[in-house]
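>>> Fold the stuff below for me.
(chains A and B)
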Amino acid sequence: MSTQDRVIIKKLPTGVPGLDEILGGGLPEFSFNIIAGAPGSGKTTLAHQIIFANATPERPALYFTILGEPAIKMLRYQQQYAFFDQAKLNTAVRFINLSQVVLEKDLDAVLEEITKEVEKAGPGVVVVDSFRTVVRKAQGGTTEVELQSFIQRLALLLTSWQATTFLVGEYVEGEIRDNPVFTVSDGLFWLYQAAERSSIVRKLQIVKLRGQASVPGLHTFRITHAGLQAFSRTLGLAGQARKIPSTRRLSIGIPELDRMLGGGIPEGDSILVAGASGTGKSVLATQFIAEGIRQGDPGIVVVFEERPQEYAERASSFGLDLKTPRKEKKLEILYLRPLDLSVDETMHEILEAVRKIGAKRLVIDSLAGFEMALAPGFRADFRESLYRMITALTGVGVTILSTVEVNESFTEFPFSTYSISFLTDDIIRLRYVCIDGQLRKIMVVIKMRGGNHSKDIREYEITSKGVVIMGDRLTEYQGLITGIPEHLNRSGNHEQRSHKPKAKTKTKTKS
Amino acid sequence: MEKEIVSLSESRHLAQRLLTYEAVAGKNSEPAESAAFRVCAKLRRPLITLAGVAGFRSLLSRALTLARAEAPSLSVVQVAADGSVEGLGELASQTDKEQARDGGAILIAHLIGLLLTFIGEGLTLRLVQDVWPEAVFDGRVSEKERKLEHTR
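Just a heads-up that it's a prediction; the model follows:
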């Protein structure tokens, strides 16, 4: 049989941003699905979003409510969501209460009632909320075989009537084994909600989905005024074609540094600028983005520690105009501060901004701020998600400059406290050094994956024009990267004297 | 449009419109006060579909309790287990026509008021419109209704 002979399974939209992608394109039409999770995990809201996205007067959605949340209250709360279209009520979306049948009669009567309504309406989507109640009630005097038979007949009926079905239920993970509901179902969508320190972390998993490849793993989601919004682990970038590697070099806006980088940053690279507080990481990043704008590359700056207005103001103090490109939509400064963001949600915001303005350059200032903006429960996923985003973005040609603060040590020379240097193609290290009784600054290009680079250690200053590299490489000092170098042309004693505190000199005099 | 407080006059107005419409639609032989019970009976079906018998019964019982405070004559009226209204005959025999009609109107007004409170104006009007598809509930008065109002 050729691929042309195979049945094409139509995919229905979920109405949940991000979820269609996680499902592998949408909900398989005529599938029989379970939406499972603990109370408050968003099951009913998800079911509502699905019905309002698909129901039409010709192919309505039937929503059977059973003993769970009273229907009047459900309508009261659900209408608060933006997706709830009142005009669809009783035309495209019909709520039917089956509580009494379930309470007073047996499974056959429940099936009969559902059959009657389904045959009458010819629905495209059917929801039973909560199906768990039906099963619990049935288990009182029903054998397992009878229960399985009921579920199978229900699945047969609804599939034969060409309905895509969702059984909503409060299940816990342990119940997945030996439960006939899960055996019969084509799709199993599990919603989780957990408190992690002071934040709520919501995740969903497509445990099972027949007929199509869903994105495996746990995906974060959020419930807002608009309903559920899911954030795929692949950040919507799965299967995205990689750009043919470019040979273009991007100027960082500091000519001497461009030379040290062998002509600039290779387009599509991820570069890390590491240094202690006050070494000029943010200034350098601003120069990189401003130079991009000047050369016609739209850019995104993601900041966590100051607001966009302040960021733009600070840039103007270095003679860099970020206000005009912001107005012209060539630059977007994203301020992501909320402390309960999921990492994928944050990535999603960044990716949306990148897509919106067709950004070629992205600055993340800083990775430490980024991590702090996440809910504690998501911090464990930080590096993995960052890796996925950086790989995906650089793959399509976006050049990313991230800053990271490192603790200044006078005995070590760490690139990053985050052990994320594996994420980057290139690393620039900024450092304080103590020279001639002054705290001065040096920079060095540590690594460039794309080729050769200068090995020079250069002194720089932060002036009114931003980061400016001073003079040639520092050849007169030894041990610059320790932070306490020695001047080669002076005697050791003289150098020691020049760096030692007066008290010690006095002690020496005494002896 | 969102409304924080459902005004009593709003529910009274809608109840009155329903009663007027039902009175116009009803048979001449039926007493005018029975319009309230017909409105109740007609609302019962979709509300039972939506909220179940227990849900509808609870709503109607609450509406009746609120209505009795304004119209004590309604004390003879009861809500049956299936959500239907009982005691119509007694009400008609114990009070005059006008009192019975007013009592019915107050009961409907409170039932509508509860719906407006819980599910809002949009969904309430939608439910009502489904029951009386030919009626106009957007503030306009039909010719038939106008004539009836005029004859009162």
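>>> From now on I want contacts and neighbour counts done on CA atoms only, so please keep to that.
Noted.
>>> Could you list the buried residues of stretch A:298-318?
By neighbour count on 16 or more other Cα atoms under 10 Å in any protein chain shown, the buried set for stretch A:298-318 is A:298-305, A:307-308, A:311-315, A:318.
>>> how about the longest helix seen in chain B, does it reach chain A?
Secondary structure assigned by DSSP state H gives helix B:34-70 as the longest helix of chain B. Yes. Helix B:34-70 lies within reach of chain A by Cα under 8 Å from any Cα of the partner chain, at B:48, B:49, B:50, B:51, B:52, B:53, B:55.
>>> Surely the third one is in contact with residue A:69?
Right, the one you point to is residue B:50. No. Residue B:50 lies out of contact with residue A:69 (Cα atoms under 8 Å); the separation is 12.0 Å.
>>> So between the two, which is more surrounded?
Using other Cα atoms under 10 Å in any protein chain shown as the criterion, residue B:50 and residue A:69 rank with residue B:50 on top: 25 against 13.
>>> For that one, give me its contacts.
Taking Cα atoms under 8 Å, 6 or more residues apart in numbering or on different chains, we find residue B:50 in contact with A:71, A:72, A:95, A:96, A:97.
>>> Need the max-distance pair from those.
Farthest pair in the contacts of residue B:50 (Cα to Cα) is A:72 and A:96. Separation: 11.4 Å.
>>> Residues that sit against both of those two, list them.
Joint contacts of residue A:72 and residue A:96 (Cα under 8 Å, 6+ apart) are B:50, B:51.
>>> The residue nearest to the spatial centre of chain B: which element?
Residue closest to the mean C-alpha point of chain B, counted by Cα atoms, centre = their mean, is residue B:108 at 2.6 Å. Take DSSP states H and E as the rule and residue B:108 turns out to sit in helix B:97-131.
>>> about what we covered before: filter the buried residues of stretch A:298-318 down to the ones in strands?
Among the buried residues of stretch A:298-318, the members found in strands (DSSP state E) are A:299, A:300, A:301, A:302, A:303.
>>> what residues does chain B put near chain A?
Chain B comes close to chain A at residues B:48-53, B:55, B:118-120, B:122-123, B:126-127, B:130, as judged by Cα under 8 Å from any Cα.
>>> Next up, the contacts around residue A:300.
Neighbour list for residue A:300: A:289, A:331, A:332, A:333, A:334, A:353, A:354, A:359, A:361, A:362, A:363 [criterion: Cα under 8 Å, 6+ apart].
>>> Pick out the most distant pair among the buried residues of stretch A:298-318.
A:298 and A:305 (22.2 Å).
>>> Give me the nearest residue to the spatially most central residue of chain A, chain neighbours excluded.
The centroid of chain A falls nearest to residue A:344 when counting by Cα atoms, centre = their mean (1.5 Å). Among residues not flanking residue A:344 along the chain, residue A:231 sits closest, at 5.8 Å (Cα to Cα, 6 or more residues apart in numbering or on different chains).
>>> How many neighbouring residues does residue A:247 have?
Residue A:247: 10 neighbours (other Cα under 10 Å).
>>> Which positions in the stretch 401-511 of chain A make contact with chain B?
Counting by Cα under 8 Å from any Cα, no residue of the stretch 401-511 of chain A lies close to chain B.
>>> which intervals of the stretch 401-511 of chain A have sub-threshold pLDDT?
Applying pLDDT under 70 to the stretch 401-511 of chain A flags the ranges A:410-421, A:490-511.
>>> now the helices: where do they sit in it?
Under the criterion DSSP state H, counting those that start in this stretch, the stretch 401-511 of chain A contains helices at A:492-499, A:502-510.
>>> of the contacts of residue B:50, list those near chain B.
For chain B, the contacts drawn from the contacts of residue B:50 by Cα under 8 Å from any Cα are A:71, A:72, A:95, A:96, A:97.
>>> Ignoring the adjacent residues along the chain, who's closest to the third one?
Spelled out, it's residue A:95. Sequence neighbours aside, residue A:63 is the residue nearest to residue A:95 in space, at 4.7 Å (criterion: Cα to Cα, 6+ apart).
>>> tally of neighbours for the residue of the stretch 151-300 of chain A found nearest chain B?
Here the residue of the stretch 151-300 of chain A nearest chain B is residue A:225; by Cα to the nearest Cα that distance is 14.9 Å. Neighbours of residue A:225 under the rule other Cα under 10 Å: 9.
>>> ok, now residue A:265?
Neighbour number of residue A:265 under other Cα under 10 Å is 27.
>>> if we can go back for a sec, what is the helix or strand that contains the residue nearest to the centre of chain A packed up against?
Residue A:344 belongs to helix A:343-357 when elements are defined using DSSP H and E. Here helix A:343-357 touches strand A:218-224, strand A:227-231, strand A:299-303, strand A:331-335, helix A:382-395, going by 3 or more Cα pairs under 8 Å, 6 or more residues apart in numbering or on different chains; DSSP states H and E.
>>> Deepest-packed of the ones you listed, please.
strand A:299-303 (a mean of 26; mean count of other Cα atoms under 10 Å in any protein chain shown).
>>> Just want the angle from that one to strand A:331-335.
Orientation check (axes from the mean of the first three to the mean of the last three Cα atoms, to 10 degrees): strand A:299-303 against strand A:331-335 gives 20 degrees.
>>> Strand A:299-303 versus helix A:343-357: what angle between them?
Angle, strand A:299-303 to helix A:343-357, by the same axes, to 10 degrees: 150 degrees.
>>> Partner strands of strand A:299-303 and their direction?
Next to strand A:299-303 in the sheet, as set by DSSP bridges, lie strand A:331-335 (parallel), strand A:361-365 (parallel).
>>> can these go into CSV with extra columns for mean pLDDT?
Output for those, formatted as CSV (pLDDT from 0 to 100):
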stretch, mean pLDDT
strand A:331-335, 93
strand A:361-365, 95
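>>> now those strands in CSV, with distance to residue A:254?
Listed next are the strands paired with strand A:299-303 as CSV, based on distance: least, Cα to Cα, whole Å:
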stretch, distance to residue A:254
strand A:331-335, 20
strand A:361-365, 16
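>>> Quick check: residue A:250 touching residue A:268?
No. With contact defined as Cα under 8 Å, residue A:250 does not reach residue A:268; the gap is 9.4 Å.
>>> out of those two, which sits in the busier spot?
residue A:268 (27 against 22).
>>> which SS class is that one?
Secondary structure assignment for residue A:268 (DSSP: H, G, I helix; E, B strand; the rest coil): coil.
>>> Would you mind giving me the confidence score for it?
Looking at residue A:268, its pLDDT stands at 92.
>>> Over to residue A:156?
Reported pLDDT for residue A:156: 89.
>>> Now for it, how many residues are close by?
A count of neighbours around residue A:156, defined by other Cα under 10 Å, yields 13.
>>> Surely it is within a strand?
No. Residue A:156: not assigned to a strand; according to three-state DSSP it is helix.
>>> ok, now which ones touch it?
Residues near residue A:156 by Cα under 8 Å, 6+ apart: none.
>>> mind checking pLDDT for the nearest residue to residue A:266 once chain neighbours are set aside?
In space, not counting the residues next to it along the chain, residue A:266 is nearest to residue A:249; the distance is 4.5 Å by Cα to Cα, 6+ apart. pLDDT for residue A:249: 93.
>>> Give me the neighbour count for residue 132.
Picking chain A for this. Using other Cα under 10 Å, residue A:132 is surrounded by 20 other residues.
>>> Chain B is the one I meant
When neighbours are defined as other Cα under 10 Å, residue B:132 has 17 of them.
>>> again with residue A:204
By the criterion of other Cα under 10 Å, residue A:204 has 24 neighbours.
>>> Doesn't it belong to a strand?
Yes. Counting by three-state DSSP, residue A:204 falls inside a strand.
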